[in-house]
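*Asks:* Next come a sequence and a model predicted from it.
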Amino acid sequence: MELPRHVIPKKLASGRTAFYYNVPTRYRKAGCPVQNEPLGTDYAKACGGDGRAATLNGLFDEWMDARKGLPVSKEAAPRIGTIDWLFREYRQSRAYLEKVKLRSRRNYEWNMREICDTLTKRGDRVGGRPIKSVSPLGADKLYDAFVKGGKGNRLRTAEKMVVLCRKAWRVVHRLHPAEFPSDVPNPWLGVTMATRVKLVKHAVTREQAYKFAHGCIERGEPECGAAAVICFEWLQRPENVIGGHVKWTGYRTGPKPTIRIEHHKTGAVIDHPLEEHLPSGEIVRFYEEAEGVLAKLARRGVPMILRSVEDGVSKPYSFSGMQKIVQRMRKEIGLPEEFTLDACRHGGMTELEEAELTEGQGRALSAHRTRESYAGYAKRTEARMLSATRKRHAHMLANQTATDVQNATAAGVQNTERESSKIA
């Protein structure tokens, strides 16, 4: 078995062979920034033509060329220690590949290009500058440059770019500390950003969600309508619904009538009860209308939401493809332009609060891990504010009544004492 340069195999206790990237000691002493790294037990991923070892050897060769004074000018191979190189390393890191969802990567890539293509006062690209050239003062100036867009200030975009820089600097510094200044390795920490008014995402009502679902069924798009209902009732993320993570195998198949919702972002698995048997023998169905919408779906495979490609062949929808159908159906049905699958989920979360569930009960249904993330989804609707006002008013009346009783009692006692003293 042929191994790439600097790769050594080791036999594990399980009997499998693991591969490790190991830079020779003489190069390490010479200041090579490429770190030793475990490559795993998959030969193709570790040692294949596009494997991790090939990437690390490419970085090693760049360092050797730079050490010899040879030019390293290829766009695909930025010079080690530059900001272009930093973002390339970040894109290849586990922090990016395992933590950044596929849905978000296009936005991340755009932000990285925008950062690197920002021009300095000298007219050169930021991406070509050394990492060590960015000081805290320089980071503040770059933030000011990020804010200025072609159509005016873009505070939200600049905020995203600063957060991305902060994260990329932290991740790559851990892997290649020699390429960063020792005194302030992350100049993006503490950058003061302008205060902006955060936009509140729209939340649809129950009536809108089911008007959309029944309208989709009438127009031959039951999958689109079912996706909206799943997001609203069972609080599933749109990308998980469209990606095929809501399955027929998790719907009314166990000992109890439930629907299984897998939240891939948090790893939580929630079995939502669909009905309850009362002692009287009566059966209460919690989601009767929603199950009526699911009954209109064709069972094309294990996932509930699939599109038919040809006879006997079905595939999941693409996210952009489903979005286009949602917008077309929304226009035909006559719903506001804010209607999206994400707004359906926000509407379901808001309904939890309007039902006056405790935070613990709400998070049991939504599978949010933190109080902050749960609170961000529940909108301050008129119904919630009216309920809060009623409770506050009732509290005020109760306190007022108690105060009146106390005052009346005190007055009675004082009058009795005065009458007693007069008689004496």
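*Replies:* Looks like it arrived, so ask away. As the structure is a prediction and not an experimental result, all values here were calculated from the model.

*Asks:* A helix includes residue 10, no?
*Replies:* No: applying DSSP: H, G, I helix; E, B strand; the rest coil, one finds residue 10 to be strand, outside a helix.

*Asks:* how near is the residue lying closest to it once chain neighbours are set aside to residue 189?
*Replies:* Nearest residue to residue 10, sequence neighbours excluded (CB to CB, 6 or more residues apart in numbering): residue 18, at 5.3 Å. Glycine gets a C-beta too; all of them are placed from N, C-alpha and C. Distance, residue 18 to residue 189, using CB to CB, to the nearest Å: 36 Å.

*Asks:* what about these two, which has more around it?
*Replies:* residue 18 (16 against 12; other CB atoms under 10 Å).

*Asks:* Does the more buried one touch residue 9 like I think?
*Replies:* Yes: contact criterion CB atoms under 8 Å: residue 18 and residue 9 qualify, at 7.2 Å.

*Asks:* which sections of the protein are below the confidence cut-off?
*Replies:* Along the chain, the parts satisfying pLDDT under 70 run over 1, 50, 70-77, 199, 367, 369-393, 395-396, 402-424.

*Asks:* all strands of it, in order?
*Replies:* Counting by DSSP state E, the segments of the chain that form strands are 7-11, 17-21, 37-40, 148-149, 152-153, 258-263, 268-273, 275-277, 283-285, 307-310, 313-315.

*Asks:* okay if I get the ones you listed as CSV plus distance to residue 114?
*Replies:* Shown next, in CSV, are these (distance: least, CB to CB, whole Å):
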stretch, distance to residue 114
strand 7-11, 36
strand 17-21, 32
strand 37-40, 30
strand 148-149, 10
strand 152-153, 15
strand 258-263, 31
strand 268-273, 34
strand 275-277, 51
strand 283-285, 51
strand 307-310, 34
strand 313-315, 33
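
*Asks:* Go through those and name the closest to residue 93.
*Replies:* strand 37-40 (10.7 Å; CB to CB).

*Asks:* got the buried residues for the closest one?
*Replies:* For strand 37-40, the neighbour count (16 or more other CB atoms under 10 Å) marks 37, 39 as buried.

*Asks:* Which other helices and strands does it contact?
*Replies:* strand 17-21, helix 43-47, helix 52-68 (3 or more CB pairs under 8 Å, 6 or more residues apart in numbering; DSSP states H and E).

*Asks:* what's next to the second one, contact-wise?
*Replies:* In other words, helix 43-47. Identification of contacts with helix 43-47 by CB atoms under 8 Å, 6 or more residues apart in numbering yields 1, 3, 4, 7, 19, 39, 40, 51, 52, 53.

*Asks:* quick one: which of those residues is nearest to residue 251?
*Replies:* Of those, the one sitting nearest to residue 251 (CB to CB) turns out to be residue 40, at 36.1 Å.

*Asks:* Quick check: the gap between the closest residue to the closest one other than its chain neighbours and residue 9.
*Replies:* Distance criterion CB to CB, 6+ apart; nearest residue to residue 40, sequence neighbours excluded, is residue 46 at 5.5 Å. Taking CB to CB as the measure, residue 46 falls 10 Å from residue 9.
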